[in-house]
Every structure is written in C-alpha cells, then in structure tokens.
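*Asks:* Return atomic coordinates for the entry below.
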Amino acid sequence: MRLGEMERLRGELSEFVADVFASVPRRDQRRWGECYLRGLMLDGRRKSVQPMAARLPDGNMQALQQFVNQSPWDPLPVRRRIAEQLCDAVRPEVWVVDDVSFPKCGTASVGVARQYCGAVGKRANCQVAVSIHAATDTASCPLNWQLYLPREWTDEPDRCRRAGVPDHVVHQEKWRLALKLLDTLGEWQLQAPVVVADAGYGVSTPFRLGLEERGLAYVLALTGQEVAHPENARPHQPAYGGLGPPTLPRYRTSSQAVSALAVEAGAGRFTEVTWRQGSKGAMTSRFAALTVRPAGKRSLAAAQEAGGGRNRWDGVLPARTLLVEWPDGQEAPTGYWISNMPAATPIADLVRWAKMRWRIEHDYRELKHGLGLDHFEGRTWRGWHHHVTLVTAAQAFLTLRRLDPKAHTPA
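*Replies:* Alright, predicted model coming up:
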C-alpha cells in the first residue's frame, strides 16, 4: 500500500485500533500500535522495525522497538477482539489447524532449533509456530498463535530465561499446543464449526481423541498408511471358563492400511464431486466415503480409555468415516481423510471441508510476503508474540475492508 493510500485510511485505522487495542492501557502504546500497523501495511521489502520507521513520516525506531519488544501489554485480549470481529465477519465453515516455520540464523532467537522447516522443505535452523485459522473458500484469518519450544530449549532454563520465556511454559507437542489454542478460543466464547488439519495432526490418535472429548467435529488428513478394520469387523469373545479373569474380546482378522481398504472398496464406489470454482474452472475429482474402525495400539488404548478402561470396554473399535480421493485416470487413491462426522453426512460437504484447508496458504502468503510475519528480528518470547499479534491485526484490518462492499481496498 502506498503512503498516500495509507494516509486516506488513517481515520478507519484509528477506529479499528481503538476497538481491538482497547485492552492496552496507555494512549502512547495504542498510538505506537497504530504506527506499527501502518508500517506493516506500507509498501516495502522489509517489515522489521528499522526500515518501517524509515518509511513512516512519524516513525521512531527506538519507540517502535520498545513497543514491540519490551512494552508489557498483553497480546491475548487483542487477539481475542480480532478473533471476535473476524469470526463475525467471515462466518467460517472450518477452523484450520496448522503450523508455520520461520528460517533463522544463530541460536539466540526464542525457540530456534534445527528442525523440519516447511519454508525450505527440509530440516533447517528455524522457529515453528502453531496457528488456528477461521476459513471459508473466499476469506480466512488467523485466530490464535503459539510458538513451539523444542526440548533443547526447555531443557535449558537459563536459555529460556534469557529469551524471556515464562516459567510456566514447558515443551509440548504441536498437537497439544493446538488443543490448548482451541481451548482458549472456546474460553473466548467462539465455537469451532469443523476442525480440519493436515496429516501431521490427523495421524495423531491423541489429537483426534482430544477433539472428540471437546465435542468438536473434524475432517483430518491421513497418509494412507494408518491401519483400520472394515466397518463390519467384530471382535471375537472367547468363552469364559471361570479360571482367572475373562479374556478380552479380540479381532481375529488383521487390520489393513486404509489405502488397501480403499482399493478393496473398488473404483465403482467413487463418485464425482465438485468442491469449488478455481481460477481455471470447476475443481472436480472422484471420492468415496467408507466406514472403518481405526486400529493400531494407540487407537486401541484410546478406545479403551473412552470406554472406561479395559474392564468396561466392550472390545468394539469405534466407527469413523474415511474419505478417499481417487482421481480419474490414477491407478490408486491419492488422498485420505478421517472424520467423526455422522455416516449420513453428505459427501459433498466432507469434500468441501477437507479441501478448504488450501485457503490458509493465502493467509501465509499475505502474512509473510505482504505483512512481514517472518521479518521480526527480535529474540524474545514477548517480542515474538507481540509481532505476530500486530501482523494478525494488520491482516484483519485488510480482511474487514475486503469484506465490506462499500470499501475500496488499495492493492
């Protein structure tokens, strides 16, 4: 956005900042918050503090540095107000769980470690954050963030202390962080419609069980290597002879990879479904919805836990819906998703929700390339969470303008 366009939006931006930054106690903090947002939205290659301050007529590098890195304002109430506004405006069909990486040099930036970095497609030195996004096919926005701390950080308390990591923060797997973010959104009185995620989360039985315990519907991607029994498989209950405890029911048939179950179902089970209009026309493929009973040791343990333990469990693995994509002309299926939605759910709805995850790639592209999400040069926990909150606010302001039919949003 050019400077002249930004100046014409100063009034609207001031109203937006007064609303979402109402929890920030001091007037000067809110003023520098608005200044930071203008810096993020202005044209410019780098969106770190020094170049932003140089581009802004009222930019002050020292004041902006202090505001984002040291100022003690709480980002959570700001994120809450943004989430409330955007959920009301976007009317999301799904909430997308995902994680995003930020390549980094050195070892001092909070959470940085050698780990898988999606931004470069391999293991590299980077930070990783878990995020929840509200999405439809036409609009999306991040609702909440949490920086992931690898064990090499939490195993070194002094290192965490130097980066300002709160004492209560411990290492948690990404799926646990995602559940905590969903809990926070629930505490904000925001209701998830359908939760979708890639296979990094879908393969996690504890994550799926956590969603079910919270009463959340989901459509989660799988790799195809996960094992399951067909719907009609039933465990055998050996006769009880009275000597020792009764033997638990056991499945006598072996579980199979869901990819094999999909092939066994036959190509005749698959029907053509169109899920949205793309830039080159209707996006269409062939899908089938099968009912399976997820197996494996972790699924068995989860089923026993849900059934009240080994002594109360009836031995029957719970049935779940397996959505499979088998494009015309392909020798085998290419996509798999698992859902706890009722078997009667229309397959067109399952496909639309599963495929809606694409929308957050638009978020990340705008957040990173347009608004400087990965340009933060500070090293602290507080600074990182302040920066991503401010970037989220900038994207929220632009999204609200795009959704307002009376507004003209500059390129």
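*Asks:* In terms of secondary structure, what does the helix or strand harbouring Val97 contact?
*Replies:* Using DSSP states H and E, Val97 sits in strand 94-103. Packing partners of strand 94-103 (3 or more Cβ pairs under 8 Å, 6 or more residues apart in numbering; DSSP states H and E): strand 113-117, strand 122-135, helix 174-187, strand 195-197, helix 359-365. No exception for glycine: its C-beta is placed from N, CA and C like everyone else's.
*Asks:* right, so these: which one is the most enclosed?
*Replies:* Per-stretch averages of neighbours, counted by mean count of other Cβ atoms under 10 Å, single out strand 195-197 among the helices and strands packed on strand 94-103, with a mean of 26.
*Asks:* can you pull out the helices in the stretch 1-150 of the chain?
*Replies:* Ranges of helices within the stretch 1-150 of the chain are 3-8, 10-20, 27-41, 49-55, 61-69, 75-90, based on DSSP state H, counting those that start in this stretch.
*Asks:* Distance to Gly383, mean pLDDT and mean neighbour count added to these, as CSV?
*Replies:* Below are those laid out as CSV (distance: least, Cβ to Cβ, whole Å; pLDDT from 0 to 100; neighbours: other Cβ atoms under 10 Å):
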stretch, distance to Gly383, mean pLDDT, mean neighbour count
helix 3-8, 24, 85, 13
helix 10-20, 19, 94, 15
helix 27-41, 12, 95, 20
helix 49-55, 10, 94, 18
helix 61-69, 4, 96, 18
helix 75-90, 11, 96, 19
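*Asks:* got TSV for those, with distance to Glu187 too?
*Replies:* Shown next, in TSV, are the helices of the stretch 1-150 of the chain (distance: least, Cβ to Cβ, whole Å):
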stretch	distance to Glu187
helix 3-8	35
helix 10-20	18
helix 27-41	24
helix 49-55	32
helix 61-69	26
helix 75-90	9
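*Asks:* Please identify which of these is closest to Asn340.
*Replies:* Closest approach to Asn340 among these is made by helix 75-90 (22.3 Å; Cβ to Cβ).
*Asks:* Who are the packing partners of that closest one?
*Replies:* helix 10-20, strand 122-135, strand 140-147, helix 381-403.
*Asks:* Can you identify the element that follows the helix-or-strand element of the chain with minimal mean pLDDT toward the C-terminus?
*Replies:* For the chain, using mean pLDDT, DSSP states H and E, the weakest element among its helices and strands is helix 297-306, scoring a mean of 61. Next in sequence after helix 297-306, counting helices and strands by DSSP H and E, comes strand 320-325.
*Asks:* Direction included, what does that next one pair up with?
*Replies:* strand 281-294 (antiparallel), strand 335-339 (antiparallel) (DSSP bridges).
*Asks:* deepest of these, which one?
*Replies:* Comparing those by mean neighbour count (mean count of other Cβ under 10 Å), strand 335-339 comes out on top with a mean of 23.
*Asks:* how about the CA coordinates for that strand, as PDB?
*Replies:* Extracted C-alpha coordinates of strand 335-339, given in PDB (Å, rounded to 0.1, in the frame of the first residue of the first chain):
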ATOM      1  CA  GLY A 335      -5.900 -38.600  -0.700                       C
ATOM      2  CA  TYR A 336      -7.300 -39.800   2.600                       C
ATOM      3  CA  TRP A 337      -9.100 -38.000   5.500                       C
ATOM      4  CA  ILE A 338     -10.700 -39.300   8.700                       C
ATOM      5  CA  SER A 339     -13.800 -37.700  10.200                       C
END
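*Asks:* Which other helices and strands does the next helix or strand after that strand contact?
*Replies:* As assigned by DSSP H and E, the chain's next helix or strand after strand 335-339 is helix 347-355. Other elements packing on helix 347-355 under the criterion 3+ Cβ pairs under 8 Å, 6+ apart are strand 218-222, strand 271-278, strand 281-294, strand 320-325, strand 335-339.
*Asks:* again, 7 Å this time
*Replies:* Counting contacts by 3 or more Cβ pairs under 7 Å, 6 or more residues apart in numbering; DSSP states H and E, helix 347-355 packs against strand 218-222, strand 271-278, strand 281-294, strand 320-325.
*Asks:* Can you tell me which of those is nearest to Gly370?
*Replies:* Per Cβ to Cβ, nearest to Gly370 of those: strand 271-278, 21.8 Å.
*Asks:* Fine by me, we can end here.
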